[in-house]
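Undergrad: this one's structure only:
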Ligand SMILES: NC(=O)c1ccc[n+]([C@@H]2O[C@H](COP(=O)([O-])OP(=O)(O)OC[C@H]3O[C@@H](n4cnc5c(N)ncnc54)[C@H](OP(=O)(O)O)[C@@H]3O)[C@@H](O)[C@H]2O)c1
């Protein structure tokens, strides 16, 4: 269990994407960091979340900094928990002949382009003298070095692209916002709508509940400092090969 976090975890925390893991992360942050005011942001707005935000929509991203400024407290954390593996017009590819342009664009849109544009949207709220964390859920299958089974072309490639984009961000922010920390986190296979169609391949003891995944992720997140910015880490804090 994560103990109450240290005194510098104070201010506004925004969890984007109130899905299986995102909702549990918001609850875990509120429980373990009582000095944080935790907001959730998602496409459907109230009552599911505090803010309406579609991170694939530029107009929504353009208005985000102003909405957060209205909260009148320093921004301490943005945790991107959005992502997509499958959907009505999206199925992870098993072989090359299933790869197509529109699915690749959809995978990159949500899993790579949206997280870096989210970082761009909140950057005006950063302060050189205030600690800030930007965390985003990636996936171990986005590791190129760890790819031994192939398939899932678009999702794997989009998560790898997210890793590269946020790694570059961590290098730029180390110069411009030296108290900022960027973390890419793999939650482990977790029982949510995203993984449900693929759970038959997972041993029951390796399938985390969203609550357990959230506890583990928040523990790893709270340990990160600017010196570790740009790391790609699993739920147990172990570094993952790029
Ligand atoms: N579950 C796993 O086993 C697993 C393993 C490795 C990595 N991950 C990663 O963990 C993250 C969270 O996954 P999850 O399992 O919690 O999936 P989930 O339950 O499907 O949640 C995904 C969330 O993203 C939101 N979202 C999608 N597009 C959005 C947009 N344009 N703007 C705002 N919100 C949007 C969804 O909201 P809507 O209702 O609006 O679609 C949903 O709340 C993903 O990045 C996933 O790749 C998950």
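TA: Thanks, I have the structure now. Not measured: the values here are computed from a predicted model.

Undergrad: phi and psi next, for the residue of the chain positioned farthest from its centre.
TA: Using CA atoms, centre = their mean, the residue of the chain lying farthest from its centre is residue 97. It sits 30.1 Å away. Backbone torsions for residue 97, taken as degrees, to the nearest 10, come to phi -70, psi -10.

Undergrad: list the buried residues in stretch 159-175.
TA: Neighbour-count burial for stretch 159-175, counted by 16 or more other CB atoms under 10 Å, picks out 159, 160, 161, 162, 163, 165, 166, 167, 169, 170, 173, 174. For the C-beta atoms, the positions are set from N, CA and C on the backbone; glycine is no exception.

Undergrad: typed the wrong thing, it's stretch 63-77
TA: Buried-residue list, stretch 63-77, by 16+ other CB under 10 Å: 64, 65, 67, 68, 71, 75, 76, 77.

Undergrad: which SS class is the fifth one?
TA: Read it as residue 71. coil (DSSP: H, G, I helix; E, B strand; the rest coil).

Undergrad: contacting residues around it?
TA: 12, 37, 39 (CB atoms under 8 Å, 6 or more residues apart in numbering).

Undergrad: now do the fourth one
TA: Applying CB under 8 Å, 6+ apart, one finds that residue 68 lies in contact with 12, 14, 75, 122, 125.

Undergrad: try it again at 10 Å.
TA: Counting by CB atoms under 10 Å, 6 or more residues apart in numbering, residue 68 touches 12, 14, 39, 41, 51, 75, 78, 121, 122, 124, 125.

Undergrad: the ligand contacts on this structure?
TA: Within the chain, the positions adjacent to the ligand are 17-22, 42-44, 53-56, 81-84, 110, 137, 139, 186-187, 189-190, 192-195 by CB under 6 Å from any ligand atom.

Undergrad: show me the buried residues of stretch 159-175 that map onto helices.
TA: 159, 160, 161, 162, 163, 165, 166, 167, 169, 170, 173, 174 (DSSP state H).

Undergrad: the chain: strands as residue ranges?
TA: For the chain, applying DSSP state E gives strands covering 11-16, 36-42, 51-52, 75-80, 132-137, 180-186, 231-234.
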